[in-house]
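Participant: From the sequence below, what's the structure:
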Amino acid sequence: MRFMAIVKANKDSEAGVLAGKEILAAMGKFNEEMAKSGVLLAGEGLQASSKGARVRFSGAKLTVIDGRFTETKELIAGFWLLLVKSKEEAIEWIKRSPAPFEDDCEIEIRQVFEASDFGPEIFPPEDAAREQALRDELQKKAAKR
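Facilitator: Sure thing, here's the model as predicted:
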């Protein structure tokens, strides 16, 4: 099972305040531990929403909205993508994480859909195989970089 652990943004992350040396060192150590265990698939911090954009779809109409976005509690400051056996295991890993910010913060854990979640009627085996082949190809390309 794959789970995404989403680090919620706060006023400092949205203001572009960078994490301190101690937090970065603790996060690095935690990331290394997860990588060595085979749990960590990906993990990154995200820059402030002022450097981003949203693309809104409304029927055939597209609207691009440049950041900064005002609802900080709805924004993401970073994430981990974990490969674990259960939601409980994902929770246990995240409980071991250093706090991403000095102030109060929250990490949301969400399961990632797998092809098998949809069933063969909705997601036929040939489509699932094509998606898996694409994932495999992306991993090969990433390994070469």
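Participant: show me what contacts the residue sitting nearest the centre point of the chain?
Facilitator: The structure's the chain has its C-alpha centroid closest to Phe79; by Cα atoms, centre = their mean the separation is 3.3 Å. Counting by Cβ atoms under 8 Å, 6 or more residues apart in numbering, Phe79 touches 4-7, 42-44, 46. Using the backbone N, CA and C atoms, a C-beta is placed for each residue, glycine as well.
Participant: do you know how far it is from Ile107?
Facilitator: According to Cβ to Cβ, to the nearest Å, Phe79 stands 9 Å off from Ile107.
Participant: Asn31 and Ala5, how far apart?
Facilitator: The spacing between Asn31 and Ala5, counted by Cβ to Cβ, is 12 Å.
Participant: more crowded one of these two?
Facilitator: Set side by side, Asn31 and Ala5 show more neighbours around Ala5, with 19 against 14, by other Cβ atoms under 10 Å.
Participant: Tell me the buried residues in stretch 30-48?
Facilitator: For stretch 30-48, burial by neighbour count (16 or more other Cβ atoms under 10 Å) applies to 30, 34, 39-41, 43, 48.
Participant: what's the overlap in contacts for Phe79 and Ile107?
Facilitator: Contact criterion Cβ under 8 Å, 6+ apart; residues shared by Phe79 and Ile107: 5-7.
Participant: okay if I get those residues as JSON lines plus secondary structure?
Facilitator: Shown next, in JSON lines, are the shared contacts of Phe79 and Ile107 (DSSP: H, G, I helix; E, B strand; the rest coil):
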{"residue": "Ala5", "secondary structure": "strand"}
{"residue": "Ile6", "secondary structure": "strand"}
{"residue": "Val7", "secondary structure": "strand"}
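Participant: Take these and write them to a markdown table, including distance to Ala142 and pLDDT.
Facilitator: A markdown table is the format used below for the shared contacts of Phe79 and Ile107 (distance: Cβ to Cβ, whole Å; pLDDT from 0 to 100):
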| residue | distance to Ala142 | pLDDT |
| --- | --- | --- |
| Ala5 | 20 | 96 |
| Ile6 | 21 | 93 |
| Val7 | 22 | 91 |
